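J.: Here is the input, now give the coordinates:
(one chain, ligands or ions: 1)
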Amino acid sequence: MSKTVIPSPFVQVRRELHQIPEPGFQEFKTQAYLLDFISRLPQDRIEVRKWRTGLLVNVRGTAPKRRYGYRADMDGLPIQEDTGYEFKSTHPGFMHACGHDLHMSIGLGILAHFASHPIRDDLTFIFQPAEEGPGGALPMLESEEFQAWRPDEIFALHIAPEYPVGTIATKPGILFANTSELFIDLVGTGGHAAFPHNANDMVVAACQLVGQLQTVIARNVNPLDSAVITIGKIDGGTKQNIIAERARLEGTIRTLSADTMKLVKSRIEAIVNGIEASFACKAEIDYGSNYMQVYNEKSVTAEFMSWLSESQAEFGVKLHECTEAMTGEDFGYFLESIPGFMFWLGVNTPYGLHHAKIEPDEAAIDTAIGLMTRFLTWKSEQ
Ligand SMILES: CC(=O)N[C@@H](CCC[C@H](N)C(=O)O)C(=O)O
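T.: This is a model prediction of the structure:
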């Protein structure tokens, strides 16, 4: 006899959100979906405020002394999906490839629980746009809407493809890197492919520049420190037999300290000046958006880790104290002024974050909802 497997309601929510990935600050359908879901929850303790394409939701406690915040990010990535899903993205060239569909469904699951099982303390649910860029956290944090329901402590998670479902990985102190986007435009003189001596080839300049940028990490950063420069995109020229007048490099810088970020940027600037001189071209650097490191406040994180290590067997989860990673997250801005932490949630998939084939194990959704509802309930009882 065939058995029909009914997915958890929040797996279905994730699948519906997966189909509508939108770029940062254009999460219109996503916002409408969240609003519609929230409108079907018990309303007596809930208030909702829009902030741009994001949302803030207040859940009033029964006798509040403190307020806890839970944040989920909302935007998708410019990736053409290549999964085997029946519920693929319906937005060509866009995909939830960084797990924000899971993050939101987990956020809704925790919210749905507390809408009908209020705790003593108040809760703020933060559905934040534009994490992948240009960064929604900082302007949201500074907004009147956020300040009205500003939490005393704040929490978030990020899916982790490399860990099995049930693994929760985190650490006190720095978890994710400082980041800066990097855009470099090179402008020279184009020309006929057969007359290179009359032109000034920006494809050659861009290739040299990419090679020289590798020396910053290999030769300027202390080998006991860590930094990354990744050039993820090069654009240059117009046709195979035309020497390129322009080229553009697009990338990102990651460091574990603000000082190393300064060092890396000053070396990039020196190298770019050298390219200008050696190719007699013009170069412009734009650092785009910059994110603060994710720094887990030590005592709140230690409290979570000790609570989790005592209760992990009961909840079927396993705590792993991980090392820091060079990922970036604008949740770091919330943590800069509000104590709290972020953790990795194992979703066991061979493809990494930002990969067109990533298929996170959806069992992690209920794991995370169960974990966070229990943790927030326990916090409120202390
Ligand atoms: C978790 C994650 O993958 N976050 C992104 C954040 C991007 C920051 C910014 N747009 C940049 O590219 O520097 C990441 O790429 O780590």
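J.: what's near enough to touch the closest residue in space to Arg15 that isn't next to it in sequence?
T.: Counting by C-beta to C-beta, 6 or more residues apart in numbering, Phe87 is the residue found nearest to Arg15 once chain neighbours are left out, at 4.2 Å. The way it works is simple: take the backbone N, C-alpha and C, and place the C-beta from them, glycine included. The contact partners of Phe87, taken as C-beta atoms under 8 Å, 6 or more residues apart in numbering, are 15-16, 18-19.
J.: how close does the most centrally placed residue in the chain get to Ala313?
T.: By C-alpha atoms, centre = their mean, the chain has its centre lying nearest to Glu329, at 4.6 Å. Glu329 sits 30 Å away from Ala313, going by C-beta to C-beta, to the nearest Å.
J.: re earlier: tell me if the residue nearest to the centre of the chain really is in a helix.
T.: No: secondary structure of Glu329 (DSSP: H, G, I helix; E, B strand; the rest coil): coil, not part of a helix.
J.: Was I right to think it contacts Ile174?
T.: No: Glu329 is not in contact with Ile174 according to C-beta atoms under 8 Å; the separation is 11.6 Å.
J.: Common neighbours of those two, please.
T.: Joint contacts of Glu329 and Ile174 (C-beta under 8 Å, 6+ apart) are Val294.
J.: Just confirm yes or no for stretch 119-132 near the ligand.
T.: Yes: counting by C-beta under 6 Å from any ligand atom, the ligand has neighbours in stretch 119-132: Glu132.
J.: Let me fix that, I meant to ask about stretch 222-234.
T.: No: with C-beta under 6 Å from any ligand atom as the criterion, the ligand is not reached by stretch 222-234; the gap is at least 7.9 Å.
J.: follow-up on the earlier one: so which strand or helix has the residue nearest to Arg15?
T.: For Phe87, there is no enclosing helix or strand under DSSP states H and E.
J.: State the distance from it to Pro21.
T.: From Phe87 to Pro21 the distance is 12 Å (C-beta to C-beta).
J.: ok, now Glu336?
T.: Distance, Glu336 to Pro21, by C-beta to C-beta: 28 Å.
J.: same thing with Asn290?
T.: 24 Å.
J.: Mind checking which of these two has more residues around it?
T.: Using other C-beta atoms under 10 Å as the criterion, Asn290 and Pro21 rank with Pro21 on top: 27 against 17.
J.: Show the backbone phi and psi for the closest residue to the more buried one other than its chain neighbours.
T.: Sequence neighbours aside, Gly76 is the residue nearest to Pro21 in space, at 2.5 Å (criterion: C-beta to C-beta, 6+ apart). Main-chain dihedrals, Gly76, degrees, to the nearest 10: phi -100, psi -170.
J.: Just list the residues touching Gly76, thanks.
T.: 21-23, 89, 91, 94-98, 100, 132.
J.: CSV for those, including pLDDT?
T.: Formatted as CSV, those follow (pLDDT from 0 to 100):
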residue, pLDDT
Pro21, 98
Glu22, 98
Pro23, 98
Ser89, 98
His91, 98
Phe94, 98
Met95, 98
His96, 98
Ala97, 98
Cys98, 98
His100, 98
Glu132, 96
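J.: Of the residues you listed, which belong to helices?
T.: Within the contacts of Gly76, residues falling in helices by DSSP state H are His100.
J.: Residues in a beta bridge with Met95, which ones?
T.: Assessed by DSSP bridges, Met95 has beta-bridge partners Leu77.
J.: How many residues are close by it?
T.: 25.
J.: Identify the residues contacting it.
T.: Going by C-beta under 8 Å, 6+ apart, Met95 touches 21, 76-77, 79-81, 89, 356.
J.: And for Ile369?
T.: With contact taken as C-beta under 8 Å, 6+ apart, Ile369 is in contact with 10, 106, 109-110, 113.
J.: now do 6 Å
T.: 106, 109-110 (C-beta atoms under 6 Å, 6 or more residues apart in numbering).
J.: Could you check the pLDDT of the residue lying closest to Gln19 once chain neighbours are set aside?
T.: Of all residues not flanking Gln19 in the chain, Thr90 sits nearest, at 4.8 Å (C-beta to C-beta, 6+ apart). pLDDT, Thr90: 98.
J.: Look up phi and psi at Thr90.
T.: Per-residue torsions, Thr90: phi -100, psi 0 (degrees, to the nearest 10).
J.: What is the burial count for it?
T.: 12.
J.: The helix or strand bottoming out on mean pLDDT in the chain: how far from the chain's middle?
T.: Counting by mean pLDDT, DSSP states H and E, the chain has its least confident helix or strand at helix 298-315, which shows a mean of 92. Its chain's average C-alpha position is 24 Å from that of helix 298-315, according to C-alpha atoms, centre = their mean, to the nearest Å.
J.: what lines up beside whatever helix or strand comes next after that helix in the sheet?
T.: The helix or strand immediately downstream of helix 298-315 is strand 318-321, counting by DSSP H and E. According to DSSP bridges, strand 318-321 has the following sheet partners: strand 167-170 (parallel).
J.: List the contacts of the strand it pairs with.
T.: Contacts of strand 167-170 (C-beta under 6 Å, 6+ apart): 163, 317-320, 322, 343-344, 346.
J.: again, only using 8 Å
T.: For strand 167-170, contacts defined as C-beta under 8 Å, 6+ apart pick out 160, 163, 296, 301, 304-305, 308, 312, 317-322, 341-346, 371.
J.: How about it and the ligand, touching?
T.: No: if you take C-beta under 6 Å from any ligand atom as the test, strand 167-170 misses the ligand, and the best it gets is 13.7 Å.
J.: on that earlier part again, buried only: go through the contacts of strand 167-170 for me.
T.: For these, a burial check counting by 16 or more other C-beta atoms under 10 Å picks out 160, 163, 296, 301, 304-305, 308, 312, 317-320, 322, 341-346, 371.
J.: interface residues of the chain facing the ligand?
T.: 98, 132-133, 158, 179, 181, 252, 289, 291, 327-329, 353.
J.: Please narrow these to those residing in strands.
T.: In strands, defined here by DSSP state E, the members of these are 158, 179, 181, 252, 291.
J.: Sweet, I'm off.
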